[in-house]
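Undergrad: Could you work out the structure for the sequence below:
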Amino acid sequence: MLNIDNELSILEKYKLTPTELFTIRVILLAQDENFTDYLIRFNNLLEGKFREELLKLQDKGIILKSYKIPNAGKLFNPEDVEFNKNFIKQFYRASYEMGEELWKVYPQSCIVSGQVFNLKSISRKFDSPEEAFQKYAKYINNDPDTHKEVLELIKWGIDNSYNFTTLDKFIIDRAWLALKEFKNGSAINVNSDAIKMI
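TA: As a prediction, the model looks like this:
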């Protein structure tokens, strides 16, 4: 989610310990992909003191006071955790920047049998552009080099009449991998005369 520079900035700005930051990351991962096994493993590493980390984060305003932290031994549902929106925006800042670059480069629309289709659609898979950008950054491990490669592949695809899907499907399906295969000649992409990029 974050590169080391952003992580250090977050630690400094919000006066977090590395353990608190990792707690946040594990919760966000569990919310995003339901990776509850990470929570269990992390709690074991903390020797059962996961709740204490939640309380510290709530005291620092990272987790909202409106969220009732379960008592020890009670069920913890990561999806119920309410984070401070300003913190989350800062936390995902690098994700937004890469997502916005992806948005700018991605083709706007295409024409299929005389009808225009919006390729920048994200609403079927995501509730907001921010959510789409976060998912994209997660899928490329927030790696600037991979991001640069994805942008170059998209530009190549536009120049070579590649049949793009909508942006939400491109992200969810990690379609840059298929595009890379197509560019390298190891995949087939049918290019119909009825489809024209605009």
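
Undergrad: Low-confidence stretches in this protein?
TA: 1-3, 32-35, 94-95, 187-198 (pLDDT under 70).

Undergrad: Domain-wise, how is it divided?
TA: Listed domain ranges for the chain are 4-90, 92-197 (source: automatic domain parsing).

Undergrad: and those as a markdown table, adding mean neighbour count?
TA: Every C-beta, even on glycine, is put in place using the N, C-alpha and C of the backbone. Output for the domains of the chain, formatted as a markdown table (neighbours: other Cβ atoms under 10 Å):
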| stretch | mean neighbour count |
| --- | --- |
| domain 4-90 | 14 |
| domain 92-197 | 16 |
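
Undergrad: ok, which stretches of the protein are strands?
TA: Here the chain has its strands, by DSSP state E, at 109-112, 115-118, 195-197.

Undergrad: I'd like to know which of these lies nearest to Arg41.
TA: strand 115-118 (41.9 Å; Cβ to Cβ).

Undergrad: Quick check: which helices or strands does the closest one pack against?
TA: The contact analysis (3 or more Cβ pairs under 8 Å, 6 or more residues apart in numbering; DSSP states H and E) places strand 115-118 against strand 109-112.

Undergrad: The strand it packs on - contacts with which helices or strands?
TA: strand 115-118, strand 195-197.

Undergrad: what is Ile111 paired to in the beta sheet?
TA: Here Ile111 sits in beta bridges with Val116, Lys196, going by DSSP bridges.

Undergrad: what are the ranges of the helices in the protein?
TA: Assignment of helices within the chain using DSSP state H yields the ranges 4-14, 18-33, 36-45, 50-59, 85-91, 93-105, 129-139, 144-159, 167-172, 176-183.

Undergrad: Throw those helices into JSON lines and include distance to Leu75, thanks.
TA: Formatted as JSON lines, the helices of the chain follow (distance: least, Cβ to Cβ, whole Å):
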{"stretch": "helix 4-14", "distance to Leu75": "28"}
{"stretch": "helix 18-33", "distance to Leu75": "13"}
{"stretch": "helix 36-45", "distance to Leu75": "11"}
{"stretch": "helix 50-59", "distance to Leu75": "12"}
{"stretch": "helix 85-91", "distance to Leu75": "24"}
{"stretch": "helix 93-105", "distance to Leu75": "30"}
{"stretch": "helix 129-139", "distance to Leu75": "26"}
{"stretch": "helix 144-159", "distance to Leu75": "37"}
{"stretch": "helix 167-172", "distance to Leu75": "29"}
{"stretch": "helix 176-183", "distance to Leu75": "37"}
